[in-house]
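[1] Here is my input, please return the structure:
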Amino acid sequence: MAEEVLTNEIDQEVNTNPVISTDENEQNTAQNQETESVATETPESQPKPKRAPRKTVAKETVAVEEVKEEEQEVAEEVEEVVSSEEEATEAKEDKSKNDKKKKMKEKEKKQLAEKKEKLKKKKAVAKRKEKAKDAKKEKAKKAKLKAKAKKKAKAKKAKDKAKAKKIAKKKAKRTKAKKNKKK
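    Predicted structure coming up:
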């Protein structure tokens, strides 16, 4: 029987013997019994034995029964060994599956944490940009109000100047009129 080489996730080589099922084992024992019976059935190749006394026939039947019992015991032992090997391989597979699941969960957690971190950074950048935008708007608004106030002050100054000029003109007219009256 050839040995199979299995590799697990850590790339370690593990030598295992192939698992023989109970059906295969029973087939092998059946084939062995058939070959033995064929060998005993061919009288041409072997000389005919003399008739054995009854005691020896009974001993032979007991011996055959003992051989059968031993074969059954061996088959049971093989089954136990096979089942224990299967359980061991299943346990290894389960462990490797659990390890894989654990690694996948850790990887997913890391990815989720990275996504959250990126989202936090994006939000912070967006918040900064929004603040800068608001500050710019506020600055523009203040500048607009200042310009408006400046314009209003200039208009008021011009109005006051015009008013003062008008008043001065009237005063000059009155003083001129007074002078003319005195003369």
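[2] contacts and neighbour counts: CA atoms only from here.
    Fine.
[3] who does the helix or strand where E69 lies touch, helix- and strand-wise?
    Secondary structure from DSSP states H and E places E69 in helix 54-182. Counting contacts by 3 or more Cα pairs under 8 Å, 6 or more residues apart in numbering; DSSP states H and E, helix 54-182 packs against helix 22-41.
[4] For burial, what's the neighbour tally of A75?
    16 (other Cα atoms under 10 Å).
[5] Give me the pLDDT for it.
    Looking at A75, its pLDDT is 84.
[6] do the same with D94
    pLDDT, D94: 85.
[7] So it versus Q27, what's the distance?
    According to Cα to Cα, to the nearest Å, D94 and Q27 sit 31 Å apart.
[8] any weak-confidence spans in the chain?
    Low-confidence segments of the chain (pLDDT under 70): 1-26, 28-60, 62, 183.
[9] same thing but at 90, please
    For the chain, the stretches with pLDDT under 90 are 1-101, 173-183.
[10] And for K161, the neighbour number?
    With other Cα under 10 Å as criterion, K161 counts 12.
[11] how far away is K166 from K176?
    K166 is 15 Å from K176, by Cα to Cα.
[12] now Q27
    In terms of Cα to Cα, Q27 sits 148 Å off from K176.
[13] cool, E90 as well?
    The separation that E90 has from K176, given Cα to Cα, amounts to 126 Å.
[14] Kindly report the same for K109.
    99 Å.
[15] can you check E130 too?
    With Cα to Cα as the criterion, E130 and K176 are 68 Å apart.
[16] what does K165 give?
    16 Å.
[17] now swap in S84 and tell me
    S84 is 135 Å from K176, by Cα to Cα.
[18] now do K120
    82 Å.
[19] repeat for K169
    K169 is 10 Å from K176, by Cα to Cα.
[20] before we move on, what about E80?
    141 Å.
[21] ok, now M104?
    M104 is 106 Å from K176, by Cα to Cα.
[22] And for E66?
    161 Å.
[23] what do you get for K141?
    52 Å.
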